[in-house]
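Trainee: Structure for this input, please:
(one chain, ligands or ions: 1)
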Amino acid sequence: MLGEPFTKARNVIQTLEDNGYEAYFVGGSVRDYLLNVPIGDIDIATNAKPDEMLKLFKRTVPVGIEHGTVLILDGEHEFEVTTYRVEGEYDDFRRPDSVEFVRDITLDLSRRDFTINAMAMSLDGDIIDPYGGQEHLLQKEIHTVGQPKDRFTEDALRMLRAVRFASQLNFKIAHDVNEAIKEYGSLIKYVAVERIQVELFKMFKGVGLKQGLHSLNMTQLYKSLPLFKGEHSLVRSLIETVQDPIPFENVVIATLSLLSKDHDLNDWVKAYKLSNKLKRESLHVLHCYDEYKRKGISETLVYHVTHDYFVHFLELVFIIDREKIETSELTTLFEQLPIQSRSDLAVTGHDLMNMFPSVRKGPWIGEYLSKIEQLVLQGKLKNNRTEIESQVKRWKEQESN
Ligand SMILES: Nc1ccn([C@@H]2O[C@H](COP(=O)(O)OP(=O)(O)OP(=O)(O)O)[C@@H](O)[C@H]2O)c(=O)n1
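Mentor: Model (predicted):
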């Protein structure tokens, strides 16, 4: 009997089975279950066609009906259920032109990227594994289902997914897969950079990041990735410098900017179409790091680092200056600051608004909080409500004169 999170889907699978259909868990959840690592999203595959699913379940959203996917809502849970399918011709190395629904799970599994992702599992925990996924899990190797060339020319992103899984699972890429990536790596230029970005961040988060970076190097796939291609020594510097997974995306971008020779943070932001939020965060972490290099740690902590960014800043310092820095020293210094974040201040934005009920809510609140924060950090103002309020009143008076 399977435990959480599979039991949540019991109703959906049981309903399909009670009505004469098959339904299995497929993809990443089966792989992660067999590896005994935390399970992410649950995907279900069935031989029921989309219109049959719509008839069977009351609460559904046809999220990708032309590709066979229906979102089924059950209580507070929702599950993506996809009709067994094979994919038509791919003529752009990205997406199939069409899909064809089939009634056989083995056919559905045959269209998937890697053997470890091409297994299905029943509600009772029986595994369907036609392509040797379990054996490859034991061998810790990434093999494609069928010929690597076929899988990679269908969807060129799969080559980067191989590298990502090498990192995420700390697996090796099988020799024939490695060779095919060398041969077809340049096709990745047809893939949207947003999809590349997702896989790269997943790679940096992987417990086997070293393995992932070695695979990126050995397959030479980096030569076809935006910016990496002009930075000949970047992957090698990453291998030498980065010891552990990097869970924070802003730290990944700051690290790439610091280690690349010819590109700065703005280049990375543009080339990978990063969000404004991520750009802001990465800039801030990088700015803190620059200040720390120029002025030393105490000055940087007092003027620039708040708790929200402390772990990120710490992580970047640790990555780049691992040999030179004692992180416990840094943490102690940080803990000795009068406040560790804005929320430790004795006043809130709400308090400021209540002090001046006739003044409209606006950017002045954030600006005042930021000034207060700086003065408190620098020891020029006590973190005490009465003193802060007097200071704020003085500012307001000066403004109205
Ligand atoms: N380019 C792709 C993307 C996905 N898949 C198949 O679709 C499944 C689900 O894909 P996705 O959610 O992207 O990845 P997971 O394998 O679930 O891995 P994770 O959740 O760890 O990202 C994969 O397992 C694989 O069988 C594929 O064959 N080719």
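Trainee: Can you name the residue of the stretch 151-300 of the chain nearest the ligand?
Mentor: residue 155 (4.5 Å; CB to the nearest ligand atom). Placement of C-beta: from N, CA and C, glycine included.
Trainee: Read off the pLDDT value for that residue.
Mentor: On the pLDDT scale, residue 155 is placed at 95.
Trainee: Quick check: residue 130 touching residue 106?
Mentor: Yes - look at residue 130 against residue 106 with CB atoms under 8 Å: they come within range, at 5.0 Å.
Trainee: which residues do these two both contact?
Mentor: Listed as contacting both residue 130 and residue 106 by CB atoms under 8 Å, 6 or more residues apart in numbering is no residue at all.
Trainee: and this structure, which residues reach the ligand?
Mentor: Within the chain, the positions lying close to the ligand (CB under 6 Å from any ligand atom) are 27-28, 40-41, 43, 112-113, 117-118, 155, 157-158, 161.
Trainee: would you list those residues in a markdown table and tack on secondary structure?
Mentor: What follows is the residues of the chain next to the ligand, written out as a markdown table (DSSP: H, G, I helix; E, B strand; the rest coil):
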| residue | secondary structure |
| --- | --- |
| 27 | coil |
| 28 | helix |
| 40 | coil |
| 41 | coil |
| 43 | strand |
| 112 | coil |
| 113 | coil |
| 117 | helix |
| 118 | coil |
| 155 | coil |
| 157 | helix |
| 158 | helix |
| 161 | helix |
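Trainee: any idea how far residue 343 is from the residue of the chain found nearest the ligand?
Mentor: Residue of the chain nearest the ligand, by CB to the nearest ligand atom: residue 28 (2.3 Å). Using CB to CB, to the nearest Å, residue 28 is found at 37 Å from residue 343.
Trainee: Quick check, the residue of the stretch 151-300 of the chain closest to the ligand in contact with residue 113.
Mentor: Yes - using CB under 8 Å, residue 155 is in contact with residue 113, at 7.4 Å.
Trainee: mind checking the SS state of residue 166?
Mentor: Put simply, residue 166 is helix when judged by three-state DSSP.
Trainee: quick one, what contacts it?
Mentor: Residue 166 sits next to 142, 172-173, 206, 208, 211-212, 214-215 when contact means CB under 8 Å, 6+ apart.
Trainee: residues near residue 361, how many?
Mentor: For residue 361, the count of nearby residues is 10 (other CB atoms under 10 Å).
Trainee: One more: the one 10 residues further on?
Mentor: Neighbours of residue 371 under the rule other CB under 10 Å: 14.
Trainee: Which residues belonging to the helix or strand hosting residue 374 are considered buried?
Mentor: Per DSSP states H and E: residue 374 is located in helix 363-377. Neighbour-count burial for helix 363-377 flags 364-365, 368-369, 372-373, 375-377 (criterion: 16 or more other CB atoms under 10 Å).
Trainee: export those residues to TSV and tack on distance to residue 393?
Mentor: As requested, these are arranged in TSV below (distance: CB to CB, whole Å):
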residue	distance to residue 393
364	14
365	15
368	11
369	15
372	13
373	18
375	15
376	17
377	21
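Trainee: Show me which pair in the residues you listed is furthest apart.
Mentor: By the measure CB to CB, 364 and 377 form the most distant pair in the buried residues of helix 363-377, at 20.2 Å.
Trainee: if you go through this structure in chain order, where are the strands?
Mentor: 23-26, 43-46, 60-64, 69-74, 77-83, 85-87, 99-101, 120-121, 127-128, 141-142, 172-173 (DSSP state E).
Trainee: Just say which of these is most tucked in.
Mentor: strand 23-26 (a mean of 25; mean count of other CB atoms under 10 Å).
Trainee: for that one, what is the average pLDDT?
Mentor: The average pLDDT for strand 23-26 rounds to 98.
Trainee: Give the other helices and strands that it contacts.
Mentor: Applying 3 or more CB pairs under 8 Å, 6 or more residues apart in numbering; DSSP states H and E, one finds that strand 23-26 makes contact with helix 10-18, strand 43-46, helix 105-110, strand 120-121.
Trainee: Cool, thanks, talk later.
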